Structures are given as C-alpha cells and as structure tokens.
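>>> Sequence and predicted structure are below.
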Amino acid sequence: MKTFKSIPDVDRFHGHPLHGTVKSLFLSIIDDYPEYRPEDDGWVVLIEPGDVDRVLSDLDMPWRLSEVPFEAVTMIDECFHAVYLPNNQFAVSILVPDTDWLPENVRRHLESHI
C-alpha cells in the first residue's frame, strides 16, 4: 500500500505508471481544502497485491477491502477509484488497479458500488 498525504509523497512516486492518476486525485483533494491537513481532510491510497485480503487497520478501517462500506466507486485509468467517508469532511480516496491479481470477490464488491 502506498499512501499519499503531501505533494512530496506524490512526487516521490514519479515514474510509476499511475503517477498522473494519483497526482490528479491528490490535487483534487487539496483544491477542495485550501488549508489542507491530511489528518482532517484525507488522502489518497494505492492498493497493492498484499493489501487485498487483509484488514486495513493502517487506514483505521476494521475491514478487508471486500468489506469497506464505500460511498462511491468509479473507474479511472483502468483502476477502481473508491471513496470511503468516515465523516463529513475526511475522505480516503482509494485507487485499486483492475488487474489479474485482484480477487474476484474484491472486484465484485467494488463493482457493486459503481
């Protein structure tokens, strides 16, 4: 799992095929909050293969990816973009590549929120 809470976090990701997607999602969060503070406003997360079948406790979520009560899911750049809103201001913007390592139960859960 890669977590992006600042512009330097995003810049360190330069060269990755999803860098532009992550940067776009991150910039949309900080555009909404001129005094952006990740602990209050949220951040972007890129899910990797080892993250798909474990409890996402490092995101303060007591669920596996296949159980998260997402607010919404869309498709962007061959990835699921899932949004989790634990309150009225904070959002975790989760990017999940739609690849062959994504288990079918996770794919179905994401698709059910589109």
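Looks like it arrived, so ask away. Numbers count the residues shown, from 1 in each chain.

>>> Show me where this structure has its strands.
Assigned strands in the chain, in chain order: 2-4, 42-46, 72-76, 79-84, 91-97 (criterion: DSSP state E).

>>> Each with direction, which strands does the third one pair with?
Paired with strand 72-76 in the same sheet, following DSSP bridges, are strand 79-84 (antiparallel).

>>> How about the contacts made by P38?
K5, S6 (Cβ atoms under 8 Å, 6 or more residues apart in numbering). Heads up, the C-betas are built off the backbone N, CA and C, glycines and all.

>>> Kindly recompute the last result at 7 Å.
Residues near P38 by Cβ atoms under 7 Å, 6 or more residues apart in numbering: K5.

>>> likewise the one 4 residues further on?
Contacts of G42 were listed using Cβ under 7 Å, 6+ apart, and they are I29, F90, A91, V92, S93.

>>> same thing but at 8 Å, please
G42 makes contact with I29, Q89, F90, A91, V92, S93, according to Cβ under 8 Å, 6+ apart.
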